[in-house]
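Colleague: A predicted structure for the sequence below; I have some questions about it.
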Amino acid sequence: QKEVEQNSGPLSVPEGAIASLNCTYSDRGSQSFFWYRQYSGKSPELIMFIYSNGDKEDGRFTAQLNKASQYVSLLIRDSQPSDSATYLCAALVTDSWGKFQFGAGTQVVVTP
Amino acid sequence: EAEVAQSPRYKITEKSQAVAFWCDPISGHATLYWYRQILGQGPELLVQFQDESVVDDSQLPKDRFSAERLKGVDSTLKIQPAELGDSAMYLCASRVGGAQYEQYFGPGTRLTVT
């Protein structure tokens, strides 16, 4: 079973601080990675994707990928109470028809 | 903005009954996914369609679950008979297909089996 692992949290972050979320994956062939935000009782919402080693920035979000170490991270700068949610990491499974393996998610709580 | 539509949003059924969920993907999206998400876990793929064809149903409990996408557009997921352990959120997602891997989720159907 090709796995994606995340710390379940909760990760408590003061408002205005940086939230750092990590994700490791076992499928060494995975090339594409996705971060979703999921509010309680709602469906996942795509916020970032990254295909290449290094950093990718989109607004307050930065995704980082290190294929050699098989980890992906998400940084949320200037955290706001509205960022309080569960963040899901997903990896595209190698040699599949576009199948994704999801982690269990990290719960983030931004405290005012 | 185009969205994935799902219905119903909530469903309560008794065990041994049949239940069906419907999904209408974003227009033009060739790839459609059905996931099951249990509280505290990530989505688990049940079935993936490419147009009208099933390309992955390896995790679908085929003795009780079935899925179809007859014209390659909307899709139906059925459970018969429902069991208590089927209580979960059922999510539909779609993407354009090919090498475009960004997938978008519908609002989901919350199923409770009593």
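Modeller: On my side now, so go ahead. Numbering: from 1, shown residues only, chains lettered A, B, ... in the order given.
Colleague: Just give the nearest non-adjacent residue to the residue of chain A at minimum distance from chain B, would you?
Modeller: Residue nearest to chain B within chain A (Cβ to the nearest Cβ): A:Phe102, separated by 3.2 Å. Heads up, the C-betas are built off the backbone N, CA and C, glycines and all. Spatial nearest neighbour of A:Phe102, chain neighbours left out: B:Gly42 (3.2 Å); criterion: Cβ to Cβ, 6 or more residues apart in numbering or on different chains.
Colleague: Using the three-state scheme, assign the one you found.
Modeller: Per DSSP: H, G, I helix; E, B strand; the rest coil, the secondary structure class of B:Gly42 is coil.
Colleague: Can you show me the strands along chain B?
Modeller: Under the criterion DSSP state E, chain B contains strands at B:5-7, B:10-13, B:19-24, B:31-37, B:44-50, B:53-56, B:65-68, B:75-79, B:88-95, B:104-105, B:109-113.
Colleague: Save those strands as CSV, and put in distance to A:Cys23 and mean pLDDT too.
Modeller: Below are these laid out as CSV (distance: least, Cβ to Cβ, whole Å; pLDDT from 0 to 100):
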stretch, distance to A:Cys23, mean pLDDT
strand B:5-7, 27, 98
strand B:10-13, 31, 98
strand B:19-24, 27, 98
strand B:31-37, 17, 97
strand B:44-50, 17, 97
strand B:53-56, 22, 95
strand B:65-68, 29, 98
strand B:75-79, 28, 98
strand B:88-95, 19, 98
strand B:104-105, 18, 97
strand B:109-113, 26, 98
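Colleague: Any chance of CSV for the ones you listed, columns mean neighbour count?
Modeller: Formatted as CSV, the strands of chain B follow (neighbours: other Cβ atoms under 10 Å in any protein chain shown):
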stretch, mean neighbour count
strand B:5-7, 17
strand B:10-13, 14
strand B:19-24, 19
strand B:31-37, 24
strand B:44-50, 21
strand B:53-56, 14
strand B:65-68, 17
strand B:75-79, 19
strand B:88-95, 23
strand B:104-105, 22
strand B:109-113, 18
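Colleague: how about these in CSV, adding distance to A:Gln64?
Modeller: Converted to CSV, these look like this (distance: least, Cβ to Cβ, whole Å):
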stretch, distance to A:Gln64
strand B:5-7, 33
strand B:10-13, 38
strand B:19-24, 33
strand B:31-37, 26
strand B:44-50, 26
strand B:53-56, 29
strand B:65-68, 36
strand B:75-79, 35
strand B:88-95, 23
strand B:104-105, 23
strand B:109-113, 34
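Colleague: Centroid-nearest residue for chain B?
Modeller: B:Trp34 (2.9 Å; Cα atoms, centre = their mean).
Colleague: is it true that that one touches B:Val47?
Modeller: Yes - with contact defined as Cβ atoms under 8 Å, B:Trp34 reaches B:Val47; the gap is 4.9 Å.
Colleague: Mind listing the shared neighbours of these two?
Modeller: Common neighbours of B:Trp34 and B:Val47, counting by Cβ atoms under 8 Å, 6 or more residues apart in numbering or on different chains, are B:Ala67, B:Leu77.
Colleague: Contacts only, for residue 85.
Modeller: All of this is about chain A. A:Ala85 neighbours (Cβ under 8 Å, 6+ apart): A:Arg37, A:Gln38, A:Tyr39, A:Ser40, A:Gln107, A:Val108.
Colleague: Wait, chain B was what I had in mind.
Modeller: By Cβ under 8 Å, 6+ apart, the neighbours of B:Gly85 are B:Val113.
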